[in-house]
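[1] for reference, the sequence and a predicted model appear below.
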Amino acid sequence: MSDAPAPDERLSYRLITGADNREFCERISAALADGYVLHGSPAATFNGTTVIVAQAIVLPAAIASADAAVATAVDKLDAEFEGEFDGEGHA
């Protein structure tokens, strides 16, 4: 039985951390199979005994929502400043 949250309860963003071993890779693989995508590069550190790794993952819908919000904000700015910039960043 899986203890994974129901699809409507899943977090848009997760940071998975742990020892750099098969179990960590299995956790990432399970998240990818559950619809998450990798976000950015993994990070690694050494705690004196073990390499500890971290990988951010996001749901694609979260990326689409954020991209849409950015596009809307850019469109609003473009409308506000139409004709005031030369396209080179100069007024």
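    Thanks, I have the structure now.
[2] for Val37, list each beta-bridge partner.
    Beta bridges link Val37 to Val58 when assigned by DSSP bridges.
[3] residue contacts, the residue nearest to Thr17 when sequence neighbours are not counted?
    Nearest residue to Thr17, sequence neighbours excluded (Cβ to Cβ, 6 or more residues apart in numbering): Ala54, at 4.4 Å. C-betas here are computed from N, CA, C, even on glycine. Taking Cβ atoms under 8 Å, 6 or more residues apart in numbering, we find Ala54 in contact with Leu15, Ile16, Thr17, Pro42, Ala43, Ala44.
[4] which elements pack onto the lowest-mean-pLDDT helix or strand in the chain?
    The helix or strand of the chain with the lowest confidence, counting by mean pLDDT, DSSP states H and E, is helix 60-80 at a mean of 78. If you count contacts as 3 or more Cβ pairs under 8 Å, 6 or more residues apart in numbering; DSSP states H and E, helix 60-80 packs onto strand 37-46.
[5] burial count for Gly18?
    By other Cβ atoms under 10 Å, the residues close to Gly18 number 15.
[6] reformat the contacts of Ala54 as CSV; add pLDDT.
    Shown next, in CSV, are the contacts of Ala54 (pLDDT from 0 to 100):
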residue, pLDDT
Leu15, 98
Ile16, 98
Thr17, 98
Pro42, 97
Ala43, 98
Ala44, 98
